[in-house]
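Colleague: Let me see the structure of the following:
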Amino acid sequence: MMLWSNEPDDAPRLNPAFTAEFGLTSEDLARQRLLDWVHPDDTEALERTLTAGSGGVRARLRTARDEWISLDWSVRTHEGRVAVCGRATRASEVVSRSPEPRVRHGDVTLAETLAAMVRVVEWRAPGLRCSILLIDSAGESVTVGAAPSLPDEYNAAVQGLRIGPTVGSCGTAAFWNMPVVVEDINEDPLWKDLRSAAAIAGVAACWSVPITATTGGDVLGAMALYDDKPSAPTQQQMDVLELAARMVGLAIERDGLEGQLRHAMKMDAVGQLAGGIAHDFNNLLTIIQGNTQILERRALGAGRTQIERIRGATRRAARLTSQLLAFSRKQVIQPRALDLGDAVVAITDLLRKVIGEDIRIRIERDPSLGCVMADPGQVDQVVVNLAMNARDAMPTGGDLTFATRNVELSAAAAAAHPDAHPGRYVALAVSDTGEGMTPAITARIFDPYFTTKAEGKGNGLGLATTYGIVRQNEGFVHVQSARGRGSCFTVYLPRVARDTPDASRVGIPVADVTERGTETILVAEDEEPLRDLVTDLLTEQGYHVLDGANPDAVVAAADAHEGGIDMLVTDVVMPEQNGPELLQRVRALYPNCRVLFMSGYAGDAISQLGVLDRGVAFLQKPFSVEELLSSVRETLDAQPAG
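Modeller: Here you go, the predicted structure:
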């Protein structure tokens, strides 16, 4: 193996195996440019890769005997330098014998699996020791995954070691994504800064291979064999190591997928619970708010002050249930095609007031950005929530960056995210220069009511609401963070054409609630106190009201009524039959009957995505007396039947 950079004073670095095979020394190679040693037919391909600063290519290199030997070249840019690594290609045979001890399957942790794989490799390579180092979530440092045969002092020395083009065997293998063989640690420059740690462990040779993901090829870590004396590995030893690394990669991926599945199931279960609680709570709030307004009309003197306090508490409770509905993805939304870049720019002035002057806002926009289909109000809520989260992570100020771009997500990339599907997305990345988060906090960051703030400083629903909104709009969120390195929340929403028609519902303008009515209205609501409240309010307004606690009772009342039915006011979700199905039964008797849906959330009966069809009138609970009466009046006057 050889390492070379584009720095004129940086001499090529060779391991003994390279010198033996090519008959060249570092001084020999340094006399000419790298490309002068490459076969003329391969020069252009390698030069393109070097210019790009990253990538891989196969090219032949001239030996001292004027022969050509093929090398696999890997090019990376590190700390401003373009570095290139060349490794002689060789075919490997896969060992097919079943090793002992066996790796247990079933309900075992990843740590147990890694430890078992180390024991397998050590059994297949007697006299050698084995270790597994994993790359952290930031992709910059390693952590010890399993190394039971190495002393704790050595493992502590390599824990948190940053990977790089010349960082031992494992750090270099992970950086270049290729095997690295060091036959003599005391002589090889790759181990220059780690020789004291090697002395502690009593190791003199180290051969390492990268651990990669089967989908996407991302480097997950490195696996190594150590010898107590300087030595070169046999073909069989390298085959065992490479096979074990592939198995470790599969184990890591499986563990990650299982963790994602568990998280998705937990979030779905919590969302269902939150949505159900919010729905029932909204019914209670509607009853409290409506009866409070009736009392307010009749109250005199000091009593009005107490009633206004009740109304204020009701409004605050309604905002809380709105957040729960957003998290549970059961909020009624009015989507339209919009540009996320425009949305961020439009709310920037508000953000500056909210987050303070000590935080600098930067906006990076893709000029060819596509559109997304989303509710503008929800998009604003997502942007504000993420900005507020970033502000809390930067108590002494910092930089907040909003970056938008188009993204094509492949099947392999989508597999890494439990909520993602392959396709075209628009990505909004919100990054800060704040304190960052530990992996334990990152894993729970979207849990409702989870917060790291002091008591009374936050309710833990901001990011949970963001998660719910993004999922309701068929997107997903990816989080990257590390302690001391800030955080980046990237929201992915499906991309649509700019001329996509809006899917928003028809809004209900506020009508003159003093206008009395004479029409006949059918009310369907399974919550008796709420049904009584709606019936009383409509009756006081002059309407003739028929009501029922369930669909059968409502249809029976309509069938027995002599005369027309002008409108059905119905809850969306009821125990025996949903509102849209009830509407069909009523319209079988009265084809011109109008409808006003009401609910604590927009359930599956009206749309699994919580989006109302165009032309459907909807009243969100909790609602005020004025909102109910104006919605009824506008629906009767403006909405055509059918």
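Colleague: any chance you could map the strands in the stretch 501-642 of the chain?
Modeller: 520-524, 544-548, 567-571, 594-599, 617-620 (DSSP state E, counting those that start in this stretch).
Colleague: Comparing those, which comes out most buried?
Modeller: strand 567-571 (a mean of 26; mean count of other C-beta atoms under 10 Å). Heads up, the C-betas are built off the backbone N, CA and C, glycines and all.
Colleague: quick one, strands of the stretch 251-400 of the chain?
Modeller: Using DSSP E, counting those that start in this stretch, strands in the stretch 251-400 of the chain cover 336-338, 359-364, 371-374, 398-409.
Colleague: so which of those strands comes closest to Thr520?
Modeller: With respect to Thr520, and counting by C-beta to C-beta, the nearest of these is strand 336-338 at 35.8 Å.
Colleague: Which strands and helices lie in contact with that closest one?
Modeller: For strand 336-338, the packing partners by 3 or more C-beta pairs under 8 Å, 6 or more residues apart in numbering; DSSP states H and E come out as strand 371-374, helix 376-393.
Colleague: out of those, nearest to Ala83?
Modeller: Closest among these, using C-beta to C-beta: helix 376-393, at 33.5 Å.
Colleague: could I get that closest one in CSV with only the CA atoms?
Modeller: As requested, the backbone C-alpha atoms of helix 376-393 are provided in CSV (Å, rounded to 0.1, in the frame of the first residue of the first chain):
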residue,chain,number,x,y,z
PRO,A,376,-48.3,27.0,4.7
GLY,A,377,-49.3,27.4,8.4
GLN,A,378,-47.8,24.1,9.2
VAL,A,379,-44.6,24.9,7.3
ASP,A,380,-44.2,28.1,9.3
GLN,A,381,-44.8,26.1,12.5
VAL,A,382,-42.0,23.7,11.5
VAL,A,383,-39.6,26.5,10.7
VAL,A,384,-40.3,28.3,14.0
ASN,A,385,-40.1,25.2,16.1
LEU,A,386,-36.7,24.2,14.6
ALA,A,387,-35.5,27.8,15.0
MET,A,388,-36.6,27.9,18.7
ASN,A,389,-34.8,24.6,19.3
ALA,A,390,-31.6,26.0,17.7
ARG,A,391,-31.9,29.2,19.8
ASP,A,392,-32.1,27.1,23.0
ALA,A,393,-28.9,25.2,21.9
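Colleague: quick check: angle from it to strand 398-409?
Modeller: With axes from the mean of the first three to the mean of the last three C-alpha atoms, to 10 degrees as the basis, helix 376-393 and strand 398-409 are set at 130 degrees to each other.
Colleague: in the stretch 151-300 of the chain, what spans have low per-residue confidence?
Modeller: 215-216, 255-285, 296-300 (pLDDT under 70).
Colleague: taking the strands of the stretch 251-400 of the chain together, which one is wrapped up most tightly?
Modeller: Of the strands of the stretch 251-400 of the chain, strand 371-374 is the most buried (mean count of other C-beta under 10 Å), at a mean of 24.
Colleague: hang on, the earlier thing: let's have the strands of the stretch 501-642 of the chain in a markdown table, adding distance to Gly217 and mean pLDDT.
Modeller: As requested, the strands of the stretch 501-642 of the chain are exported to a markdown table (distance: least, C-beta to C-beta, whole Å; pLDDT from 0 to 100):
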| stretch | distance to Gly217 | mean pLDDT |
| --- | --- | --- |
| strand 520-524 | 57 | 93 |
| strand 544-548 | 62 | 92 |
| strand 567-571 | 52 | 91 |
| strand 594-599 | 48 | 86 |
| strand 617-620 | 48 | 79 |
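Colleague: Tabulate those strands (JSON lines), appending distance to Ser630.
Modeller: Output for the strands of the stretch 501-642 of the chain, formatted as JSON lines (distance: least, C-beta to C-beta, whole Å):
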{"stretch": "strand 520-524", "distance to Ser630": "14"}
{"stretch": "strand 544-548", "distance to Ser630": "17"}
{"stretch": "strand 567-571", "distance to Ser630": "13"}
{"stretch": "strand 594-599", "distance to Ser630": "11"}
{"stretch": "strand 617-620", "distance to Ser630": "10"}
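Colleague: hmm, back to that, to Gly475, which of the strands of the stretch 251-400 of the chain lies closest?
Modeller: Once these are compared by C-beta to C-beta, strand 371-374 is nearest, at 7.9 Å.
Colleague: Given that closest one, what are its sheet partners and their directions?
Modeller: Strand pairing for strand 371-374, using DSSP bridges, gives strand 336-338 (antiparallel), strand 487-496 (antiparallel).
Colleague: Lys229: which of those is closest?
Modeller: The nearest among the strands paired with strand 371-374, by C-beta to C-beta, is strand 487-496 at 46.2 Å.
Colleague: tell me the mean pLDDT for the closest one?
Modeller: For strand 487-496, mean pLDDT rounds to 91.
Colleague: How far does that strand sit from its chain's centre?
Modeller: 8 Å (C-alpha atoms, centre = their mean, to the nearest Å).
Colleague: List the residues that contact Tyr425.
Modeller: Asn406, Val407, Glu408, Leu409, Gly475, Tyr492, Leu493, Pro494, Arg495 (C-beta atoms under 8 Å, 6 or more residues apart in numbering).
Colleague: returning to that earlier point: of all the strands of the stretch 251-400 of the chain, which one comes closest to Tyr467?
Modeller: Across those, closest to Tyr467 is strand 371-374 (C-beta to C-beta), at 14.6 Å.
Colleague: Just the CA coordinates for the closest one, please, in PDB.
Modeller: Output in PDB follows, covering the C-alpha atoms of strand 371-374 (Å, rounded to 0.1, in the frame of the first residue of the first chain):
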ATOM      1  CA  CYS A 371     -42.200  22.800  -4.800                       C
ATOM      2  CA  VAL A 372     -43.800  20.800  -2.000                       C
ATOM      3  CA  MET A 373     -47.500  20.200  -1.300                       C
ATOM      4  CA  ALA A 374     -48.000  21.400   2.300                       C
END
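Colleague: what about Arg62, distance to Ala413?
Modeller: Distance of Arg62 to Ala413, computed by C-beta to C-beta, to the nearest Å: 39 Å.
Colleague: Next: Ile565.
Modeller: 54 Å.
Colleague: Neighbour count: the two, which is higher?
Modeller: Ile565 (22 against 15; other C-beta atoms under 10 Å).
Colleague: Apart from its chain neighbours, what residue comes closest to the more buried one?
Modeller: Nearest residue to Ile565, sequence neighbours excluded (C-beta to C-beta, 6 or more residues apart in numbering): Tyr590, at 4.4 Å.
Colleague: Confirm for me that the one you found is in contact with His561.
Modeller: No: between Tyr590 and His561 there is no contact under C-beta atoms under 8 Å: 9.2 Å.
Colleague: Which one, of the strands of the stretch 251-400 of the chain, ends up nearest to Glu515?
Modeller: strand 336-338 (31.1 Å).
Colleague: Could you list which residues are in contact with the residue nearest to Phe618 when sequence neighbours are not counted?
Modeller: Closest residue to Phe618 apart from its sequence neighbours, by C-beta to C-beta, 6+ apart: Phe597 at 4.9 Å. Contacts for Phe597 (C-beta under 8 Å, 6+ apart) come out as Thr570, Asp571, Val572, Gly579, Pro580, Ile606, Leu612, Val616, Ala617, Phe618, Leu619.
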